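S.K.: Got a predicted structure plus its sequence, pasted below:
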Amino acid sequence: MAKGKKLKGLPPADVESIFAAFERDNPEPKGELDYINAFTLLVAVVLSAQATDVGVNKATKKLFELAPSPAAMVALGPERIEELVKTIGLYRTKAKNVFALSQLLIERHNGEVPDRREALEALPGVGRKTGNVVLNIFFKQPTIAVDTHLFRVGNRTGLAPGENPLQVEMALIKAVPEHYLLHAHHWLILHGRYVCKARKPECWRCIIAEWCRFEPKTPAPKE
């Protein structure tokens with residue numbers, strides 16, 4: 001695709017075909033962050049900003065053994081949390097947010113993670129993307145969390161062209177057939193992570209290549 005060229009959205013029939021292909025390939029897609037309950041999922045997603053899921057999982061293994069609840073996390077204290085997650089980027093700020101959001105969950109929500117976007121976004125370190133992930137994975141709500149992978153796939157394929165994450169999210173909510181919405185987030189993020197990569201998309205093994213608007217398609221590497 002030429003630089004600066006804006007893609008138009010795909011026709012509904014192509015969108016249906018794309019998600020039917022994703023469903024055939026992976027009927028029950030899963031996120032790659034480890035968690036025990038709604039609270040540890042929330043913490044893991046907060047910690048995952050600008051970090052890999054693999055790196056977060058390594059750091060949270062011990063953290064979640066010691067603090068699987070807001071009360072236990074508060075009992076650890078910010079310095080101990082910081083020590084446990086120091087291998088993750090921006091760990092000092094993230095540790096403070098994890099401690100503070102744990103306190104607020106106790107004060108405002110009886111130690112439970114709320115299932116409402118507004119309540120989640122009122123917690124320290126929790127933005128729209130984080131809230132959407134928790135609502136989708138734990139509470140099975142048909143939300144779409146737009147990270148860098150999903151933003152790239154939405155624009156590159158023509159599924160949901162947009163200039164910012166919110167535009168892409170809204171375009172996807174509008175375009176994706178309702179019966180695919182629950183899993184759309186995972187299908188797209190996994191596709192962006194492992195196939196439709198930033199520097200060199202692996203078009204030769206892409207299961208949605210025939211409907212994708214990205215040009216020129218990347219050829220298979222020569223043996």
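M.R.: Now that the structure is in, tell me what you want to look at.
S.K.: got the residue ranges for the helices in the protein?
M.R.: In chain order, the chain shows helices spanning 12-25, 38-47, 53-66, 70-76, 78-84, 91-109, 117-121, 128-137, 148-157, 165-175, 181-194, with DSSP state H as the criterion.
S.K.: if you skip the residues just before and after it, what's nearest to the most centrally placed residue in the chain?
M.R.: Against the mean C-alpha coordinate of the chain, by C-alpha atoms, centre = their mean, the closest residue is Ala145 at 5.1 Å. Excluding its sequence neighbours, the residue lying closest to Ala145 (C-beta to C-beta, 6 or more residues apart in numbering) is Asn132, at 3.7 Å. For glycine as for every other residue, the C-beta is placed from the backbone atoms N, C-alpha and C.
S.K.: That neighbour and Val153, how far apart?
M.R.: Note on Asn132: its distance to Val153, by C-beta to C-beta, to the nearest Å, is 16 Å.
S.K.: Between those two, which is the more surrounded one?
M.R.: Taking other C-beta atoms under 10 Å, Asn132 and Val153 do not tie; Val153 has more neighbours (27 against 22).
S.K.: what's near enough to touch the more buried one?
M.R.: When the contact criterion is C-beta atoms under 8 Å, 6 or more residues apart in numbering, the partners of Val153 are Leu159, Leu188, His191, Gly192, Cys196.
S.K.: Type out the PyMOL command that picks the buried ones from those residues.
M.R.: Here the buried members of the contacts of Val153 are turned into a PyMOL selection, burial being counted by 16 or more other C-beta atoms under 10 Å:
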select buried, resi 159+188+191+192+196
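S.K.: possible to save the contacts of Val153 as a markdown table with distance to Phe22 and pLDDT?
M.R.: What follows is the contacts of Val153, written out as a markdown table (distance: C-beta to C-beta, whole Å; pLDDT from 0 to 100):
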| residue | distance to Phe22 | pLDDT |
| --- | --- | --- |
| Leu159 | 11 | 97 |
| Leu188 | 8 | 97 |
| His191 | 7 | 98 |
| Gly192 | 12 | 97 |
| Cys196 | 12 | 98 |
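S.K.: May I have stretch 62-76 exported as CSV, CA atoms only?
M.R.: Listed in CSV are the C-alpha atoms of stretch 62-76, where the atom choice follows Å, rounded to 0.1, in the frame of the first residue of the first chain:
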residue,chain,number,x,y,z
LYS,A,62,5.4,-15.1,42.0
LEU,A,63,3.3,-11.9,42.4
PHE,A,64,0.0,-13.8,42.0
GLU,A,65,1.1,-16.6,44.3
LEU,A,66,1.6,-13.9,47.0
ALA,A,67,-1.2,-11.6,46.1
PRO,A,68,-4.2,-13.1,44.3
SER,A,69,-6.6,-10.6,45.8
PRO,A,70,-6.7,-6.8,46.3
ALA,A,71,-6.3,-7.2,50.1
ALA,A,72,-3.2,-9.4,49.6
MET,A,73,-1.8,-6.9,47.1
VAL,A,74,-2.3,-4.0,49.5
ALA,A,75,-0.6,-6.0,52.2
LEU,A,76,2.4,-6.5,50.1
